[in-house]
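>>> pasting the structure only:
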Ligand SMILES: Cc1cc2nc3c(=O)[nH]c(=O)nc-3n(C[C@H](O)[C@H](O)[C@H](O)COP(=O)(O)OP(=O)(O)OC[C@H]3O[C@@H](n4cnc5c(N)ncnc54)[C@H](O)[C@@H]3O)c2cc1C
């Protein structure tokens, strides 16, 4: 069995973080093993003692400027001793959170660089310090009128969140999900080694931080368990219609409602649900098919796509082919290499890969104990993880005009990252110039999704593993034939060939005002939206992961989803408060927004001549990335700019 599928439940809401904590071996082990900068934050949080910040300030640096900095041992011991006292002594901790000014100071010291004011509200939310009260309790707010219904498509990370937030805002809603369980991407993808590149302690809801992650980067099974635990805790399944597929949305102008045609996948029966608003959270990474290769149907062995992988396939001792070399392939190859008898990996495109030792690291029990029991530890830890995965990375994707356009980097910083990736490659592939040559990309790092090295290079240098870069010409009944005349006889073929990202509307038929068809409005993959979420002519229609909505330099989809769900509800609340039935962006705002995106995009790595990836549409326009910082997206999504919307 794939060890990476083992998991443990997420005890959400089981907050056993009360003071005093009994002094004992578990607490002492936790203080030894826990992250020191985070313990410092906990200490100051519990005591408001600023002097400790002064002591540590000179010793803490961000990892990208000084990764190997050392904090003097006497400071560490002093901190642990004082914190032990505060945690175990009744009445030693000060009640209440520190004032905001002190929190700000703590943040800057904790990460070794200024956390400017514009970041504070986002960070307070994302670290889990500030959960606003449910909107339905807000005095003076116009509540949704009886019968007003929102329909959510999808019960993945985004759809579940929408359900939680709509409930808290008092909106009656239904979630339509074609799968049989919650979790979306993480319910479906079960290939060996399936995991998330975003760190565990950040890739989750900011208001539902789990201390139970088994690894610093979550495995697919851990994610599945997380979403199931969330669905249980918030009783979300009562609003979800599983195994039901949305086929079309048609706007009824007279009644200002969407007629949504759904199909019960068990019975094949179709019906129409009338909804006042639709939130489309149908994700992007679920459309896949086996590659169109000559002879594929003649193959007699087991052939599967990574996203449709059946966990019961036994690969032990088998001859296996993996087609594709992207993120899923890298995880699969690293996981299965040592159990198969022969492994052939077929490469079409190259990827930059970086070394991140955390990717395969387990969270020690003592650290989990700290996350579970030490007050504020998990929030401050999440803050730290988030901060270093966020806008600090943005300069990597901005072109420095003094850098040549036809080079392999866009700035000195970007070149530094490239060298970092190259040095890891050289180290891992020492003695294999053939692999070095085959694998070194000729495009700037960050111009397409970076892959994490979870053992990929180590696998490729194994004697029974072959990396083939000659194009596949045919799949035969017994294996794979390539253009250089080689034949690979294999028992199993795993196609890690990715997803169809193009055509964002997918196979949904969406008909807005005056019979406008979104697939036609977005013909030739020229998808455009306002703030990635709304489109003129499609009232009360909101979408996640729309055009130019992904900050591809950093973060994780979780923060984007939180911002978008918040924005959708703000828009609906604004509409209701205006006594209106519909809300949509004006054409002028839509044009202005897209001009702004295009102007900025010229300065971004995704318009570099060598940048080619699924971030771009078939004509080369970067349709996926948000070209600004994460904090810009978060701040701009606090609510609709009133003049940019038409309410009726
Ligand atoms: C292998 C892999 C690795 C990834 N790694 C990362 C990572 O490291 N960091 C990161 O941020 N993101 C990562 N992603 C992206 C990941 O998809 C998102 O982070 C996140 O899971 C998206 O959540 P979602 O709810 O928006 O979409 P999904 O998880 O795709 O959920 C959408 C749901 O909608 C349902 N649905 C779709 N169409 C219909 C329909 N017509 N009718 C009814 N239901 C429908 C689907 O069945 C699905 O359950 C990865 C994706 C993959 C595939």
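Perfect, I can see it now. Please read these numbers as outputs of a predicted model, since none were measured by experiment.
>>> For stretch 124-135, buried residues please.
Residues of stretch 124-135 classed as buried by neighbour count (16 or more other CB atoms under 10 Å): 124-129, 135. In short, each C-beta sits where N, CA and C put it, glycine included.
>>> Output the below-cut-off pLDDT ranges for the chain.
1-9, 13-16 (pLDDT under 70).
>>> What is the helix or strand that contains residue 53 packed up against?
Element membership of residue 53 [criterion: DSSP states H and E] is helix 50-57. In this structure, helix 50-57 packs against helix 36-47, helix 73-88, helix 100-111, with contacts taken as 3 or more CB pairs under 8 Å, 6 or more residues apart in numbering; DSSP states H and E.
>>> measure the closest residue to residue 594 other than its chain neighbours to residue 538 for me?
Among residues not flanking residue 594 along the chain, residue 528 sits closest, at 5.2 Å (CB to CB, 6 or more residues apart in numbering). Using CB to CB, to the nearest Å, one gets 12 Å for the distance from residue 528 to residue 538.
>>> Show me which of those two is the more surrounded one.
Remark: of residue 528 and residue 538, residue 538 carries more neighbours, 23 against 20, as counted by other CB atoms under 10 Å.
>>> so that one, which of the three states?
Secondary structure state of residue 538, per DSSP: H, G, I helix; E, B strand; the rest coil, is coil.
>>> Surely it and residue 584 touch.
Yes. Shown here, residue 538 and residue 584 form a contact pair, counting by CB atoms under 8 Å, at 6.4 Å.
>>> What sits closest to residue 90 if chain neighbours are left out?
Going by CB to CB, 6+ apart, residue 90 has residue 20 as its nearest residue, at 5.1 Å.
>>> Might you report the residue contacts of the one you found?
By CB atoms under 8 Å, 6 or more residues apart in numbering, the contact set of residue 20 is 87-90, 92.
>>> which pair in those spans the largest distance?
87 and 90 (10.7 Å; CB to CB).
>>> overlap in contacts of the two?
19-20.
>>> of these two, who's got more company?
Set side by side, residue 87 and residue 90 show more neighbours around residue 87, with 23 against 7, by other CB under 10 Å.
>>> and the gap between that one and residue 370?
With CB to CB as the criterion, residue 87 and residue 370 are 10 Å apart.
>>> State the distance from the spatially closest residue to residue 618 that is not a sequence neighbour to residue 503.
With sequence-adjacent residues excluded and distances taken as CB to CB, 6+ apart, residue 618 is closest to residue 525, at 5.3 Å. Separation of residue 525 from residue 503 (CB to CB) stands at 6 Å.
>>> got it, and residue 521?
12 Å.
>>> Surely the residue nearest to residue 618 is in contact with residue 620?
No. Judged on CB under 8 Å, residue 525 makes no contact with residue 620 at a distance of 10.3 Å.
>>> Between those two, which is the more surrounded one?
residue 525 (17 against 12).
>>> show me what contacts the residue nearest to residue 346 when sequence neighbours are not counted?
Counting by CB to CB, 6+ apart, residue 346 lies nearest to residue 323, which is 4.6 Å off, once chain neighbours are set aside. Residues near residue 323 by CB under 8 Å, 6+ apart: 291, 329, 346, 472, 480, 493-497.
>>> what do you get for residue 570?
638-640.
>>> Can you give me the neighbour number for the residue nearest to residue 170 when sequence neighbours are not counted?
Distances taken as CB to CB, 6+ apart place residue 136 nearest to residue 170, at 3.6 Å, with adjacent residues excluded. Look at residue 136: counted by other CB under 10 Å, it has 13 neighbours.
>>> where do the helices sit along the stretch 451-600 of the chain?
Along the stretch 451-600 of the chain, the stretches classed as helices by DSSP state H, counting those that start in this stretch are 456-460, 518-521, 557-577, 587-601.
>>> what's the distance between the last one and the middle of its chain?
When C-alpha coordinates are averaged (CA atoms, centre = their mean, to the nearest Å), helix 587-601 and its chain have centres 25 Å apart.
>>> buried stuff in that helix?
589-590, 593, 597, 600-601.
>>> Give me the residues contacting the helix or strand following it.
Sequence-wise, the next helix or strand downstream of helix 587-601 (DSSP H and E) is helix 630-636. By CB under 8 Å, 6+ apart, the surrounding residues in contact with helix 630-636 are 118-119, 121-122, 390-391, 394, 531, 549, 551, 553-555, 559-560, 563, 626.
>>> what does the stretch 151-300 of the chain put close to the ligand?
153-159, 176-179, 184-185, 189, 196-198, 245-246, 281-283, 285-286 (CB under 6 Å from any ligand atom).
>>> burial count for the residue of the stretch 401-550 of the chain found nearest the ligand?
The ligand sits closest to residue 544 of the stretch 401-550 of the chain, with a gap of 5.2 Å, by CB to the nearest ligand atom. Using other CB under 10 Å, residue 544 has 29 other residues around it.
>>> ok so, going back, what residues of the helix holding residue 53 count as buried?
Neighbour-count burial for helix 50-57 [16+ other CB under 10 Å]: 52-53, 55-56.
>>> what does stretch 57-67 give?
Within stretch 57-67, the residues that count as buried by 16+ other CB under 10 Å are 59-60.
>>> So what touches that stretch?
So stretch 57-67 is contacted by 37, 69-72, 75, 109-113, 388, 392 (CB under 8 Å, 6+ apart).
>>> cutoff 10 Å now
By CB atoms under 10 Å, 6 or more residues apart in numbering, the residues outside stretch 57-67 that reach it are 36-37, 40, 53, 68-72, 75-76, 105, 108-113, 387-388, 392-393, 396, 413, 416-417, 420.
>>> From the buried residues of stretch 124-135, pick the one nearest the ligand.
residue 126 (13.5 Å).
>>> Counting neighbours, what do you get for the nearest residue to the closest one once chain neighbours are set aside?
Closest residue in space to residue 126, ignoring its immediate chain neighbours: residue 206 at 4.9 Å, by CB to CB, 6+ apart. Residues lying near residue 206 (other CB under 10 Å) number 22.
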